[in-house]
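> how would this look folded up:
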Amino acid sequence: MSGWPSTVNKDTDAIFETEKQLVDYFPVRKHAEAVGVTTFVVVVVPPVVYGRGTGPWNQLSVHTPDFVHARFKHKKVYKFEENTSIQTVHISDLTALYSPIVRAALNNEDILSGKEGYYFAVAHDVDMWEFQDHFAAAMEARGLVPNDKPDVYPVNEFAAEAVEVPGEFLNVLYQMGDTTTESWLET
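Numbers count the residues shown, from 1 in each chain. Now for the predicted structure:
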């Protein structure tokens, strides 16, 4: 989809150079450079931002409630056929990353930007099967599902309908983790 290599990247890798090789190399950044606007890239890789926020909206993870809604819809907990690890970050860690960047930008302070202005919000990995096992056990303990073990989604179309996302986004949102597949990269 984006053309980004499926290898694990570190913040010390040649990220800017890799990004320049992509077909659609961030036209917003090109325009910003042309008009003299400083750019920052805050990479929020994790599909799971967890913890209770303090703002009026989005006080829960966007990702986890999808599993809860799917549980209510089908009266069971499901997991994907292939296990993966996904990266996560707590909301307080994410805001701790954003705050100094925004503060420095507002105060015209020196802060890494442009080629050097990449900031990564990743705290730790979560094994999705382990997460779903704990989720199923918690739901069963509350009498919300008949057993404490998740079933495997029978097909991706069923999974997409259960978590209420278009099928073409299923891999990106729920199955990417550490198991990027050739078929996804070719779509």
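
> For the helix ranked longest in the chain, name the packing helices and strands.
For the chain, the helix with the greatest residue count under DSSP state H is helix 91-106. Under the contact criterion of 3 or more Cβ pairs under 8 Å, 6 or more residues apart in numbering; DSSP states H and E, helix 91-106 touches strand 41-43, strand 48-50. Placement of C-beta: from N, CA and C, glycine included.

> buried stuff in it?
For helix 91-106, burial by neighbour count (16 or more other Cβ atoms under 10 Å) applies to 91, 93, 94, 95, 97, 101.

> Worst mean pLDDT among the helices and strands packed on helix 91-106?
Lowest mean pLDDT of those: strand 41-43, a mean of 66.

> in its sheet, what does the helix or strand harbouring residue 126 sit against?
Assigned by DSSP states H and E, residue 126 falls within strand 124-127. Within its sheet, strand 124-127 is paired with strand 85-90 (antiparallel), according to DSSP bridges.

> what stretches of the protein score poorly on pLDDT?
Residue ranges of the chain with pLDDT under 70: 1-11, 15-16, 18-26, 28-29, 41-47, 55-63, 115, 175-187.

> still on that earlier bit, list of residues touching the strand holding residue 126?
48, 83, 85, 86, 87, 88, 178 (Cβ atoms under 8 Å, 6 or more residues apart in numbering).
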